[in-house]
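Q: Here's a sequence, model it:
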Amino acid sequence: MGYVFDFKDAGAYDALFEPPKRRYGLGLEIKLMLTLLAPKKGQRILDIGCGTGISLEPLLNRGLYLTGIDPSPYMLDKASKRLGCGVDLHRGVAEDLPFEDNAFDSAILFTSLEFTDRPAKAVEEACRVAKDTLILCVLNRYAPLNMARRFKGFFIHDIFSHARFFSIWELKQLLASMLGQVPVKWRTTLQFPFFSGRLAAGIETNRLVQKSIFGTLIGMRIKPVPKFRTRPMVLKIKGANRYKTASGLATRMRSE
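A: Numbering: from 1, shown residues only. Below you'll find the model as predicted:
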């Protein structure tokens, strides 16, 4: 299951994005997610580990059928208030999704894979329920900002103390071991987390810059191999028939 955010964590998560620089960084991350997802009207999209709904909010009012799932009731409560009735919210874990095979066109894991105990299983489940596209948005192990977050986590307990950071190579290896040689497109963003403004944003959206291996967020677009959940069949075996001796037969035979 991984780490489940409690009431205090849920409040702290939204508070992370209150400072202007954090909102700027979040905006770049959301923009990368939307670019990779390229949503089209009428599509069914699942956000796995939707948290407080920050990654679902930009998808509202686009003619999409949106579903979110998260193991934390406190995060889901905040998501419900943020998103209203525009999203179908469920409580559950990424490693065992309560949805049918190919139930969605696309699935997203936006900074949620970091908090699972079994990331490979979470990706496998995402590939099972998404028939067209899987979008991974993961915190980069080698990004300067994430290195600072990891170092801080040794001394001050916060949300990132529970996170597992990935590298591009780790993600590629994980995907190759599960899916084989499937099409994978990746970019990074927030290369310069300590700067903001129009000039910085313009540089951040440059395609060459987004191929840097040091961006704070790794975004990957994967074409999943169709997967199906197999369930053991229950075989009903009838017990051996028991026949009663015909009444009176033994008595007549003795009497003869």
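
Q: and Phe214, that one's in a strand?
A: No: counting by DSSP: H, G, I helix; E, B strand; the rest coil, Phe214 is not found in a strand; it is coil.

Q: what are the phi and psi values for it?
A: phi -110, psi 10 (degrees, to the nearest 10).

Q: who touches it in this structure?
A: 140, 142-144, 188, 191 (Cβ atoms under 8 Å, 6 or more residues apart in numbering). Just so you know, the C-beta spots here come from the backbone N, C-alpha and C atoms, and that holds for glycine as well.

Q: Let's see that with 10 Å instead.
A: Phe214 is in contact with 140, 142-147, 188, 190-192, counting by Cβ atoms under 10 Å, 6 or more residues apart in numbering.

Q: Check Asp158 too.
A: Asp158 is in contact with 9, 12, 16, 149, 152, counting by Cβ under 10 Å, 6+ apart.

Q: show me the contacts for the closest residue in space to the fourth one that isn't next to it in sequence.
A: Translated: Arg149. Excluding its sequence neighbours, the residue lying closest to Arg149 (Cβ to Cβ, 6 or more residues apart in numbering) is Phe160, at 4.4 Å. With contact taken as Cβ under 10 Å, 6+ apart, Phe160 is in contact with 16, 114, 139, 146, 148-150, 152-153.

Q: okay if I get the residues you listed as TSV plus pLDDT, secondary structure and distance to Leu174?
A: Converted to TSV, those look like this (pLDDT from 0 to 100; DSSP: H, G, I helix; E, B strand; the rest coil; distance: Cβ to Cβ, whole Å):
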residue	pLDDT	secondary structure	distance to Leu174
Leu16	89	coil	26
Glu114	95	helix	13
Leu139	97	strand	15
Asn146	93	helix	18
Ala148	91	helix	25
Arg149	89	helix	21
Arg150	87	helix	20
Lys152	82	helix	26
Gly153	76	helix	23
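
Q: For Thr133, the count of nearby residues, please.
A: Thr133: 20 surrounding residues under other Cβ atoms under 10 Å.

Q: so it is in which element?
A: strand 130-139 (DSSP states H and E).

Q: got the buried residues for that strand?
A: Within strand 130-139, the residues scored as buried using 16 or more other Cβ atoms under 10 Å are 130-131, 133-139.

Q: thinking again about what came up before, and the buried ones among the contacts of Phe160, selectable in ChimeraX?
A: Selecting only the buried entries of the contacts of Phe160 in ChimeraX, with 16+ other Cβ under 10 Å as the criterion:
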select :114,139,146,149
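
Q: re the thing from before, which among the buried residues of strand 130-139 gets closest to Met33?
A: Of all the buried residues of strand 130-139, Cys137 has the smallest distance to Met33: 5.3 Å, by Cβ to Cβ.

Q: wait, what's in contact with the closest one?
A: Counting by Cβ under 10 Å, 6+ apart, the residues that Cys137 touches are 29-30, 32-33, 36-37, 55, 108-113, 189, 217-220.

Q: In the buried residues of strand 130-139, find the pair that's most separated.
A: Taking Cβ to Cβ, no two of the buried residues of strand 130-139 sit farther apart than Lys131 and Leu139, at 27.0 Å.

Q: I'd like to know how far Glu18 sits from Phe99.
A: Separation of Glu18 from Phe99 (Cβ to Cβ, to the nearest Å) stands at 33 Å.
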